[in-house]
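> Mind looking at a prediction? Sequence and model below.
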Amino acid sequence: MTKRILLAEDGKETQAVVRQILVSEGFDVKAVGTGTDAVNALAHGTFHAAILDLGLPDVSGLDVLKRLRADGSKIPVIVISGRDDHPSSTIKQNAQGYLTKPFTLEALRVQIERWI
């Protein structure tokens, strides 16, 4: 069975690159650009993991993560951010991984292999 990943990233270039990497690794990827779309996708779809950008334009990736955990979901979550000052609050919300943009393809692959 192919694992399905939700990718919530508002940067079109970053979204395209990360999606391409995930697809090349054999994952089925649903990519969205807003926190609202991420919340809706998680509420109505089945995902094996999520990659959430903290800086989504409407609902932050951290708020999406909080909602996910409040709903009892234990799927692995990797958080990505252009800022380097959120890792501790993210980990407290039960994210498995954290990557600061720009991250290397190898760093992303390590997180994928570790958590997904």
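Thanks, I have the structure now.
> Flag the helix or strand of the protein with the lowest per-element mean pLDDT.
helix 87-92 (a mean of 64; mean pLDDT, DSSP states H and E).
> quick check: mean pLDDT across the next helix or strand after that helix?
Per DSSP states H and E, the first helix or strand lying C-terminal to helix 87-92 is strand 97-100. Confidence for strand 97-100, expressed as mean pLDDT, is 87.
> which non-adjacent residue is nearest residue 69?
residue 94 (5.3 Å; Cβ to Cβ, 6 or more residues apart in numbering). (Glycine included, C-beta is placed from N, CA and C.)
> should've said residue 63
Using Cβ to Cβ, 6+ apart, the closest residue to residue 63 is residue 35 (6.4 Å).
> ok, now which ones touch that neighbour?
8, 56-61, 63-64 (Cβ atoms under 8 Å, 6 or more residues apart in numbering).
> Let's see that with 6 Å instead.
When contacts are counted by Cβ atoms under 6 Å, 6 or more residues apart in numbering, residue 35 is found next to 56, 58-59, 64.
> okay, now residue 3: neighbour count?
Residue 3: 15 surrounding residues under other Cβ atoms under 10 Å.
> Looking at the nearest residue to it once chain neighbours are set aside now. What's its pLDDT?
Once flanking residues are discounted, residue 3 sits nearest to residue 48: 4.1 Å by Cβ to Cβ, 6+ apart. pLDDT, residue 48: 95.
> My understanding was that residue 48 contacts residue 2; is that so?
No. With contact defined as Cβ atoms under 6 Å, residue 48 does not reach residue 2; the gap is 9.0 Å.
> Okay then, goodbye and thanks.
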